[in-house]
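Q: Structure for this input, please:
(chains A and B)
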Amino acid sequence: GALVYQYPRRTICKSGTSMRMECQAVGFQATSVAWYRQSPQKTFELIALSTVNSAIKYEQNFTQEKFPISHPNLSFSSMTVLNAYLEDRGLYLCGARDGTKNTLYFGAGTRLSVL
Amino acid sequence: GQQVQQSPASLVLQEGENAELQCNFSSTATQLQWFYQSPGGSLVSLLSNPSGTKHTGRLTSTTVTKERRSSLHISSSQTTDSGTYLCAIVWSNNRIFFGDGTQLVVKP
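A: Numbers count the residues shown, from 1 in each chain, chains lettered A, B, ... in the order given. Modelled structure (predicted):
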C-alpha cells in the first residue's frame, strides 16, 4: 500500500540550533509534497508546496531562508528548521500527493520541541 | 483567498448518537479528503470524496461541488471516535489547505 514515512517522530533541539526532518513516500510516486506545521492549539499551516520539475513555493510567513526544502526525486523530501525558537515548536507534517489517483497521504509527523 | 471552514468547532455526544460535520470551501476544489487526528497527533485518512456520496463503515461523506461544501456523517458514535476531524482541500494550483477541524467528544 501507499505510505508516507516521516522521521524522526520526535526531536528536541536547543534554541538557536537547526533541525532536519525527512519524508519518504513508499508505494507511490509523490508528484507533489507539502509541508505543514501545527502549532499548539492550532490547525495545520501550509509552509510550502514542492512539485517535481517546479520551483518550491512558500506560503506567506514562511521562507526558504528559514525552512529550506529539498525534493530531489518522486519519493523523498526533507525540510530543515533553521535557528529554531519557541515559536517553531509543533508538529511538522509532510503530505504527499499521488497524482495518478488524486489522493493525499500524510506521514505521522515530526514533533519538534525547542528548549 | 482560498479558505476552508469547518463547523461545528466542537461537538459533544452521547455514545450511540450520530454526528454531522460540515466543511465549506471558498473555491473549486480538485480533491477533498476527510482526516481523523488522534490525540497523539497522527492523521488517519477517512474518506477521499471530491464529489458525490461515499461510505465506509459508519462514515458517510457527501460533497456538493457546486455548493462548495462537504459533510461527514458518523453514525452510532463510539467513545473511540473522539478526536479531531479535519477537512483537507486540494485547489487547482495543487495547494492543500486544512480547515480548523471539529473536536468531537463522545461520552460513554
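Q: Am I right that residue B:13 is in contact with residue B:107?
A: Yes: using Cβ atoms under 8 Å, residue B:13 is in contact with residue B:107, at 7.0 Å. The way it works is simple: take the backbone N, C-alpha and C, and place the C-beta from them, glycine included.
Q: who's more crowded, the two?
A: Neighbours were counted for residue B:13 and for residue B:107 using other Cβ atoms under 10 Å in any protein chain shown; residue B:13 has more, 18 against 11.
Q: What is the burial count for residue 27?
A: By default, I'm working from chain A. Applying other Cβ under 10 Å, we find 11 other residues in the vicinity of residue A:27.
Q: wrong chain, I was asking about chain B
A: By other Cβ under 10 Å, the residues close to residue B:27 number 13.
Q: tell me the phi and psi of it?
A: Backbone torsions for residue B:27, taken as degrees, to the nearest 10, come to phi -140, psi 170.
Q: Next: residue B:24.
A: Main-chain dihedrals, residue B:24, degrees, to the nearest 10: phi -120, psi 140.
Q: Identify the bridge partners of it.
A: When assigned by DSSP bridges, residue B:24 has beta-bridge partners residue B:5, residue B:69.
Q: Might one say that it is in contact with residue B:71?
A: No: checked against Cβ under 8 Å, the pair residue B:24 and residue B:71 is beyond contact range at 9.8 Å.
Q: So which bits of chain A are right by chain B?
A: A:32, A:34, A:36, A:38, A:43-44, A:46, A:49, A:51, A:57, A:91, A:93, A:95, A:97, A:102-106, A:108-109, A:111 (Cβ under 8 Å from any Cβ of the partner chain).
Q: how does it look with 10 Å?
A: Those residues of chain A that sit near chain B, judged by Cβ under 10 Å from any Cβ of the partner chain, are A:2, A:4, A:9, A:31-32, A:34, A:36, A:38, A:42-46, A:48-51, A:54, A:57, A:59-60, A:90-91, A:93, A:95, A:97, A:99, A:101-109, A:111.
Q: Can you pull the residues that touch both of residue B:13 and residue B:107?
A: Shared contacts of residue B:13 and residue B:107 (Cβ atoms under 10 Å, 6 or more residues apart in numbering or on different chains): B:77, B:79, B:82.
Q: out of those residues, which are buried?
A: Buried subset of these (neighbour count, 16 or more other Cβ atoms under 10 Å in any protein chain shown): B:77, B:82.
Q: which one among the shared contacts of residue B:13 and residue B:107 gets closest to chain A?
A: Among the shared contacts of residue B:13 and residue B:107, residue B:82 lies closest to chain A (Cβ to the nearest Cβ), at 17.2 Å.
Q: so what's the closest one up against?
A: Neighbours of residue B:82 in contact, by Cβ under 10 Å, 6+ apart: B:12-13, B:36, B:38-39, B:103-107.
Q: Now the buried members of the residues you listed.
A: Using 16+ other Cβ under 10 Å as the burial test, the contacts of residue B:82 include B:13, B:36, B:104, B:106 as buried.
Q: Over to residue B:67: give its phi and psi.
A: Torsion angles at residue B:67 (phi, psi; degrees, to the nearest 10) stand at phi -90, psi 0.
Q: what about residue B:11, which SS state?
A: Secondary structure state of residue B:11, per DSSP: H, G, I helix; E, B strand; the rest coil, is strand.
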